[in-house]
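> need a structure here:
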Amino acid sequence: MHITGTMFYYYFVCHRKLWCFYNYINYENESEKVILGKLIDESAYGREHKHIMIDQTVNVDFIKDWQVLHEIKKSRSIEEASIWQVKYYLYFLNQRGIKIEKGILDYPKIKKRREVVLQEGDSEKIEEILISIEKILLQEKMPPPIESKICKSCAYYEYCYI
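Numbering: from 1, shown residues only. Reported below is the predicted structural model:
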């Protein structure tokens, strides 16, 4: 099973959103916040070769000199998910013999950055999460809504609550 960076990110955001994404229930194309995020991604770091697809599984925003991986985000609102997405990319590349020293979360809108590295125990945690993601994706029924404050700004809000 190909587990993408988006799936890994959604695991930390909402298991229901993850399940919907995998099952082609997609409301993100209509979301203003998603469209804004794409515009920020497209306009930031214009000189870089962006959106590097690796093994038809992960789509990295860009890698500077094949040493530093960059992931561009609109805001820090769900930073833990973003951190683990970058850690997953580092792990994924490591598994394929591509040694990247670190990742950077770039927030061009607020002019901030955060360095991300794989720490001891992260690879084991990522492997556990990958198993958990597979279990979620293979469920017949979608997981219940999480009823969190982030739900109101989610592209799936109406699908889950109305």
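> ok, then the element right after the lowest-mean-pLDDT helix or strand in the chain?
Lowest on mean pLDDT, DSSP states H and E among the helices and strands of the chain sits helix 32-43, with a mean of 56. On the C-terminal side of helix 32-43, the closest following helix or strand by DSSP states H and E is strand 52-54.
> Contacts for that following strand next, please.
Outside strand 52-54, the residues within contact range by CB atoms under 8 Å, 6 or more residues apart in numbering are N59, V60, D61, F62, I63, F92, L93, R96. For every residue, glycine as well, the C-beta is placed using N, CA and C.
> Quickly name whichever of the residues you listed is closest to I78.
Comparing the contacts of strand 52-54 against I78 with CB to CB places D61 closest, at 16.4 Å.
> can you give me how far stretch 59-72 is from the chain middle?
Chain-centre distance of stretch 59-72: 14 Å, with CA atoms, centre = their mean, to the nearest Å.
> Touching, R113 and I104? I think so.
Yes: R113 lies in contact with I104 (CB atoms under 8 Å); the separation is 5.4 Å.
> Which of those two has more residues huddled nearby?
Each of R113 and I104 has its neighbours counted (other CB atoms under 10 Å); I104 has more, 17 against 12.
> and that one, backbone torsions?
Backbone torsions of I104, given as degrees, to the nearest 10, read phi -130, psi 130.
> Please consider this matter closed, and thank you.
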